[in-house]
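> have a look; sequence and predicted model below, questions after that.
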Amino acid sequence: MIEYIRIFSDADGCSHSELKNIDLKSNDYAPPALPLYISSPESAHSIVFLELPVGWFGKWHPTPVRQWLILMTGECEFETGDGEKICRKAGDVVILDDTTGKGHQTRVVGDTPMRIAAVHFT
């Protein structure tokens, strides 16, 4: 199981977060290698790599596209419209679903740039 945070907008355009999980099942993914644990496949449109410099702050904004964020380096704080602040670091996964409304704020914390693989949905 992989734990992730989902940031989404409600019907009034206010963003919130929720903790969710991706189930993994044993599968012969790359024979003749031994079976490993994989998730169900999802379609994606594109992937981009981002670097947010130390001290970077993204004021209130909705996500430009529904996307998975795979955090590779650094640490950041997401703030949702309901006032919740969520810290995430390298190795964590976030899905941004708040494509409407006020969106969220993002702040790089610490002294390491935040590198992210952003997988855009179709």
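Okay, I see it.

> okay, now residue 65: neighbour count?
14 (other CB atoms under 10 Å). Heads up, the C-betas are built off the backbone N, CA and C, glycines and all.

> and what of residue 88?
Using other CB under 10 Å: residue 88 sits among 20 other residues.

> tell me what the helix or strand it falls within is packed against?
Using DSSP states H and E, residue 88 falls within strand 85-89. Identification of packing neighbours for strand 85-89 by 3 or more CB pairs under 8 Å, 6 or more residues apart in numbering; DSSP states H and E yields strand 75-79.

> report the strands that pair with the strand it packs on, each with its relative direction.
strand 85-89 (antiparallel), strand 104-109 (antiparallel) (DSSP bridges).

> which among these is found nearest to residue 5?
Nearest to residue 5 among the strands paired with strand 75-79 is strand 85-89 (5.8 Å), distances taken as CB to CB.

> what sits up against the following helix or strand past the strand holding residue 88?
Per DSSP H and E, the first helix or strand lying C-terminal to strand 85-89 is strand 93-97. Here strand 93-97 makes contact (CB atoms under 8 Å, 6 or more residues apart in numbering) with 2-9, 20, 63, 66-71, 78, 88, 104.

> ok, now with 7 Å
2, 4-8, 63, 66-70, 88 (CB atoms under 7 Å, 6 or more residues apart in numbering).

> one more: stretch 42-55?
By CB under 7 Å, 6+ apart, the surrounding residues in contact with stretch 42-55 are 108, 111-122.

> out of everything not next to it in sequence, what's closest to residue 82?
The shortest distance from residue 82 to any non-neighbouring residue, by CB to CB, 6 or more residues apart in numbering, is to residue 16 (5.3 Å).
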